[in-house]
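1. Build the 3D model from these lines:
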Amino acid sequence: MGIRSFFGIVPFRVRHGQELPYLDMRDAVPESPVKLTAGFLQEKPTELREKLQTFGFGLGAVPSDADTVIVSACDTDPAVTIQQHVFSLYPDTVARGLSLLQHIIQPKKIVLAIFPCQRKRAVSLAADLAEVAVIAPVYPNGFPQMLASMVKRLRSGVGTSMYVNAERLVAMTNAVETGAAPTTKLVSLSGSGFPQRKNVCVRVGQSVQSVLDSQSVDMAVVRKVVCGGLLTGSAIYQPAAIQVTSQTDGIAAQTEKELVRYESVPCFNCGKCTAVCPARLKVNHLARYAEYSRFDTCREYAIDSCIGCGLCSYVCPAHRPLLQLISFASDELKKGEAAV
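-> Numbers count the residues shown, from 1 in each chain. Now for the predicted structure:
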């Protein structure tokens, strides 16, 4: 696994300015993967789960009534192409990953969710391992909640499901086969601040600023850096202080012409946010209650059903920060629950 040097405990910033402590560990000697097993299908499912747990995959919390596993090659943001990229580059590893899931979870069925352009590859890859569900390439169809709903409509006999994306499945398979914990992350780069849009492999834990520097981004013309997808990500003020994590799917460097500035102005009840919401929430009411810290009322308006797609903010003619308000209220409610 390689020798690691401990550099101390430093703050890791999460959204809304919160900070969590994390260990700064760096390689002193290059990693050399350790071969654990030549054939994971010969190992007991419980042992494989324990190994995946040590690598941080957390399959110990698989719902006991989960009868379907949805493996997604569909991305969750228009500016991100990570899952499609992984599915195209590592089809053999994805196929072995399907066998791994069947072995350790033993669901009634595995459904491989793909966009139409991936149909031919998916049908040949899945074979007897999984059923293929073709999903319309319309945002936000790639979200886990949307996929679960659509797969239930497209396939009979689907009850409770669990979700695994293609990148995570490949990382799980590699971890089991080599004994090496995942230390890199594929990240989609977008925005006119980058010389070109592309996917890059980034070391987990390195700063967003180092990614920008590696692509020769001119920070003099960049007005906003967004970590995450364009519709689902968060703007960051200090790229040097924010690290790439296993959840960082995209980084956008926006220039002046791309900026969308949100404003603290009153809602005039046009209804566009409510009309576009895939969860059918009354977004205009929900955002106002969040704005005035009426969090208990937010729960009455089903705030937990929000999937965080950001379409409401995108269509709002008043440029109100609807997604940010709802996310803020959701975080405050979770804090309250944790304090009880």
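2. Can you tell me the centre-most residue of the protein?
-> residue 247 (5.3 Å; Cα atoms, centre = their mean).
3. Where does that one sit: helix, strand or coil?
-> What DSSP: H, G, I helix; E, B strand; the rest coil gives for residue 247 is coil.
4. May I have the predicted confidence score for it?
-> For residue 247, the model assigns a pLDDT of 91.
5. Residue 229 versus that one, what's the distance?
-> Separation of residue 247 from residue 229 (Cβ to Cβ, to the nearest Å) stands at 11 Å. Backbone N, C-alpha and C define where each C-beta goes, glycine included.
6. next one: residue 107
-> 29 Å.
7. What are the buried residues along the longest helix along the chain?
-> Counting residues, the longest helix found in the chain (DSSP state H) is helix 322-339. Of the residues in helix 322-339, 322-330, 333 count as buried by neighbour count, 16 or more other Cβ atoms under 10 Å.
8. same deal with stretch 296-311?
-> 297-298, 301, 303, 306-311.
9. Filter these down to just the ones in helices.
-> Checked against DSSP H, the buried residues of stretch 296-311 include these in helices: 297-298, 311.
10. CSV please, covering those residues and showing distance to residue 205 and pLDDT.
-> Shown next, in CSV, are those (distance: Cβ to Cβ, whole Å; pLDDT from 0 to 100):
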residue, distance to residue 205, pLDDT
297, 40, 96
298, 35, 97
311, 32, 96
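11. which one of these sits closest to residue 81?
-> Using Cβ to Cβ, residue 311 comes nearest to residue 81 of these, at 19.3 Å.
12. for the chain, what spans make up the strands?
-> Assigned by DSSP state E, the strands in the chain fall at 4-13, 19-27, 66-72, 109-114, 131-134, 160-165, 184-190, 198-203, 222-227, 234-236, 250-255.
13. can you put those strands in CSV and add distance to residue 142?
-> As requested, these are exported to CSV (distance: least, Cβ to Cβ, whole Å):
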stretch, distance to residue 142
strand 4-13, 27
strand 19-27, 28
strand 66-72, 7
strand 109-114, 8
strand 131-134, 12
strand 160-165, 9
strand 184-190, 13
strand 198-203, 16
strand 222-227, 18
strand 234-236, 19
strand 250-255, 13
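14. How far does stretch 326-340 sit from its chain's centre?
-> Its chain's C-alpha centre and that of stretch 326-340 lie 21 Å apart, by Cα atoms, centre = their mean, to the nearest Å.
15. what comes into contact with that stretch?
-> For stretch 326-340, contacts defined as Cβ atoms under 8 Å, 6 or more residues apart in numbering pick out 15-16, 283, 286-287, 289-290, 293, 295, 298-299, 303-304, 306, 308, 312.
16. still on that earlier bit, quick one: the residue nearest to the centre of the chain and residue 49, what's the gap?
-> From residue 247 over to residue 49 the distance is 22 Å, taken as Cβ to Cβ.
17. Check residue 217 too.
-> 41 Å.
18. Same question for residue 187.
-> Applying Cβ to Cβ to residue 187 and residue 49 gives a distance of 28 Å.
19. Between those two, which is the more surrounded one?
-> Set side by side, residue 187 and residue 49 show more neighbours around residue 187, with 20 against 16, by other Cβ atoms under 10 Å.
20. what residues are up against that one?
-> The contact partners of residue 187, taken as Cβ under 8 Å, 6+ apart, are 82, 199-202, 211, 244, 248-251.
21. Confirm for me that residue 74 is in contact with residue 136.
-> No - judged on Cβ atoms under 8 Å, residue 74 makes no contact with residue 136 at a distance of 9.8 Å.
22. more neighbours, the two?
-> Just comparing residue 74 and residue 136: by other Cβ under 10 Å the higher neighbour count belongs to residue 74, 25 against 9.
23. Could you report the distance from that one to residue 163?
-> Residue 74 sits 11 Å away from residue 163, taking Cβ to Cβ as the criterion.
24. what's the overlap in contacts for those two?
-> In contact with both residue 74 and residue 163: residue 147, using Cβ under 8 Å, 6+ apart.
25. What separation is there between residue 154 and residue 121?
-> According to Cβ to Cβ, residue 154 stands 19 Å off from residue 121.
26. er, residue 288 actually
-> With the distance defined as Cβ to Cβ, residue 288 ends up 46 Å from residue 121.
27. what stretches of the stretch 151-300 of the chain score poorly on pLDDT?
-> 156-158 (pLDDT under 70).
28. try 90
-> Low-confidence segments of the stretch 151-300 of the chain, defined by pLDDT under 90: 151-162, 176-182, 229, 237, 260-264.
29. can you give me the helices in it?
-> For the stretch 151-300 of the chain, helices defined by DSSP state H, counting those that start in this stretch occupy the ranges 166-178, 208-214, 272-276, 283-291, 295-300.
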